[in-house]
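Engineer: Got a sequence here, can you model it:
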Amino acid sequence: MNDSCVSSIEQIKEFLKLDANYQFKVANKQDKYAWIEEVLRKFNYHGLKKKKHRTIVRRYIQRVTGVSKAQLNRLIAKHKKSGRLIPDYSSLKKNGFKTSYTPKDIALLIKTDVVHSRLSGEATQEILKRESEVFNKAAYDTISSISVSHIYYLRANNRQYNSSKARFFAKTQASQVSIGIRRKPEPNGKPGFLRVDSVHQGDLNKEKGCYHINIVDEVTQWEMIATVPQITERYLKPVMGRLLELFPFKIHEFHSDNGSEFINHVIARLLAKLYIELTKSRARHSNDNALVESKNCSIIRKLYGRNYISKRYALLIDKFNQEYVNIYLNYHRPCGFAEHFIDSRGKIKKRYKHWLTPYKKLKSLDKAEQYLKSGITFEELDKIAYAMSDNDFAEQMMKAKQALFKKIRRH
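Structural biologist: All right, here's what the predicted structure looks like:
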């Protein structure tokens, strides 16, 4: 712009009186900055003592260039600091790439994920290729060349994709529960490290059967079983307290899988009162709770089978557990205790040479009396263990079991 005729503040005033709707066009950003720099220098803007004169110069620049008040403030401050106005191109996009996939292509990916319930990236890539190459759908020609990694990128970052129905097929996020310590129990030969699990007694016509609670000590295999109508606080809390009380030795640790029936605040508070530590199984370590799970099969399923038993009989079954099953398991039924050895290929193997009842195993521990609870002695436990022979007690238990199942079948 040639404004050599405008050389004083008075001439700028006259210029500003002209039609305000008239607009000037600046060739480019570099020319605009050069003209602003020339105006600031020509009118000695930074040396003007009167504020109204500086305001007139600012209005003159804004009228010609169309810059905003905030932008002009930044440019004047920059000129005052460096004496130059050079356009800053650093904020402009560098190394820009052409968009490969348009919203129409993204829509085809969304459609594919919705109808297939969001398959893996490899499977989705193959489907897109087949739509184009096998079924000759021209609309899929562009999206069929997409890479697996870019499919996952679009699923995670594309706004169009994440505002569509396809986002509902995202993988469920695991919730972190702070209750319990995730580790395998290490009893080091001492009793009192319990494993616990629940066993469901079948369904019938969408009605849940009763539940068995199975607790096993790792070292002695001392086992206590109870039966409840439901896995709820109302039934679980008193039963757990009773079972823990029935163990003759001190309890140090209580270990379960990650099921919410045991990993909850109710059980955590109950154990805390008894100074028992709560632990839970680690991810991808199926052996952490293997002992009690094997007992579920060899003991509970053998006693009660897999068929549905209504929860209305839970109290009858639990009474049978208290009077017969728990005594039989701990005093009359031998368990195998493994010895570990390394074979010729370097693998750890188990050999079951010792078969003892849990009670006899408890007594065989070095200085076993130190593990018993206060007020409990082996003399008292011997009266229970040797009141009847193994066969006699087992025979009596089987008769009671037949009477129990006869009553269940009759109803």
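
Engineer: And the lowest mean pLDDT element among the helices and strands of this structure?
Structural biologist: Lowest on mean pLDDT, DSSP states H and E among the helices and strands of the chain sits strand 181-182, with a mean of 78.

Engineer: following that strand, which helix or strand comes up?
Structural biologist: Downstream of strand 181-182, the first helix or strand assigned by DSSP states H and E is strand 193-200.

Engineer: And for the following helix or strand past that following strand, what's in contact with it?
Structural biologist: Moving toward the C-terminus from strand 193-200, the next helix or strand (DSSP H and E) is strand 203-204. If you take C-beta atoms under 8 Å, 6 or more residues apart in numbering as the criterion, strand 203-204 is touched by 209, 308, 310. From N, CA and C alone the C-beta is placed, and that goes for glycine too.

Engineer: in the host helix or strand of A394, what's buried?
Structural biologist: Taking DSSP H and E as the criterion, A394 maps to helix 390-410. For helix 390-410, a neighbour-count test (16 or more other C-beta atoms under 10 Å) marks 393, 397, 401, 404-405 as buried.

Engineer: Which secondary structure elements does it sit against?
Structural biologist: helix 314-320, helix 326-331 (3 or more C-beta pairs under 8 Å, 6 or more residues apart in numbering; DSSP states H and E).

Engineer: which other helices and strands contact the last one?
Structural biologist: Read that as helix 326-331. The helices and strands touching helix 326-331, judged by 3+ C-beta pairs under 8 Å, 6+ apart, are strand 223-228, helix 358-364, helix 378-385, helix 390-410.

Engineer: redo that, cut-off 10 Å
Structural biologist: Helices and strands touching helix 326-331, by 3 or more C-beta pairs under 10 Å, 6 or more residues apart in numbering; DSSP states H and E, are strand 223-228, helix 233-246, helix 358-364, helix 378-385, helix 390-410.

Engineer: With respect to A156, which of those lies nearest?
Structural biologist: Nearest to A156, of all those, is helix 233-246, at 39.8 Å by C-beta to C-beta.

Engineer: how far out from the middle of the chain is the least confident helix or strand of the chain?
Structural biologist: Here strand 181-182 is found 15 Å from its chain centre; the criterion is C-alpha atoms, centre = their mean, to the nearest Å.

Engineer: same check, this time on stretch 72-92
Structural biologist: Distance of stretch 72-92 from its chain centroid, counting by C-alpha atoms, centre = their mean, is 51 Å.

Engineer: And it, what's buried?
Structural biologist: Within stretch 72-92, the residues scored as buried using 16+ other C-beta under 10 Å are 72, 75-76, 78-79, 85.

Engineer: Sitting in helices, which of the residues you listed do you find?
Structural biologist: If you go by DSSP state H, these have 72, 75-76, 78-79 in helices.

Engineer: would you list those in CSV and tack on pLDDT and distance to E133?
Structural biologist: Below are those laid out as CSV (pLDDT from 0 to 100; distance: C-beta to C-beta, whole Å):
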residue, pLDDT, distance to E133
L72, 87, 58
L75, 88, 57
I76, 88, 62
K78, 87, 57
H79, 85, 61
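
Engineer: What residues sit buried inside stretch 107-126?
Structural biologist: Result for stretch 107-126 [16+ other C-beta under 10 Å]: buried residues 107-110, 112-113, 118, 121, 124-125.

Engineer: Give me the domain ranges for the protein.
Structural biologist: 9-82, 103-169, 181-410 (automatic domain parsing).

Engineer: How many neighbouring residues does D217 have?
Structural biologist: Neighbour count for D217, taken as other C-beta atoms under 10 Å: 25.

Engineer: Output the domains of the chain in TSV; the columns should cover distance to D3.
Structural biologist: Shown next, in TSV, are the domains of the chain (distance: least, C-beta to C-beta, whole Å):
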stretch	distance to D3
domain 9-82	8
domain 103-169	47
domain 181-410	75
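
Engineer: least reliable of those going by mean pLDDT?
Structural biologist: With a mean of 82, domain 9-82 has the lowest mean pLDDT of the domains of the chain.

Engineer: tell me which element the closest residue to I106 other than its chain neighbours falls in.
Structural biologist: Distances taken as C-beta to C-beta, 6 or more residues apart in numbering put Q160 closest to I106, at 5.0 Å, once the chain neighbours are dropped. Secondary structure assignment for Q160, by DSSP H and E: helix 159-162.

Engineer: same check, this time on K111
Structural biologist: helix 103-115.

Engineer: then that helix to CSV, C-alphas only?
Structural biologist: Taking C-alpha atoms only, helix 103-115 is exported to CSV below (Å, rounded to 0.1, in the frame of the first residue of the first chain):
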residue,chain,number,x,y,z
PRO,A,103,-15.5,-40.1,6.7
LYS,A,104,-17.1,-42.5,4.2
ASP,A,105,-14.3,-45.0,4.6
ILE,A,106,-14.5,-44.7,8.4
ALA,A,107,-18.2,-45.3,8.2
LEU,A,108,-17.6,-48.6,6.4
LEU,A,109,-15.2,-49.7,9.2
ILE,A,110,-17.8,-48.7,11.7
LYS,A,111,-20.4,-50.8,9.9
THR,A,112,-18.1,-53.8,9.7
ASP,A,113,-17.3,-53.6,13.4
VAL,A,114,-21.0,-53.3,14.4
VAL,A,115,-22.3,-56.2,12.3
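
Engineer: The helix or strand following it to helix 103-115, inter-axis angle?
Structural biologist: Per DSSP H and E, the first helix or strand lying C-terminal to helix 103-115 is helix 121-133. Inter-element angle recorded for helix 121-133 and helix 103-115: 120 degrees (by axes from the mean of the first three to the mean of the last three C-alpha atoms, to 10 degrees).

Engineer: Return the distance of helix 121-133 from the chain's centre.
Structural biologist: Worked out by C-alpha atoms, centre = their mean, helix 121-133 lies 31 Å from the chain centre.

Engineer: how deep is L372 tucked in, by neighbour count?
Structural biologist: For L372, using other C-beta under 10 Å, the count is 17.

Engineer: dump the residue contacts of it.
Structural biologist: L372 makes contact with 191, 248-250, 362, 378, 380-381 under the criterion C-beta atoms under 10 Å, 6 or more residues apart in numbering.

Engineer: For those residues, which single residue is the most surrounded?
Structural biologist: Using other C-beta under 10 Å as the neighbour test, those are led by P191, with 25 neighbours.

Engineer: does that residue really touch T220, like I thought?
Structural biologist: Yes: using C-beta atoms under 10 Å, P191 is in contact with T220, at 4.9 Å.
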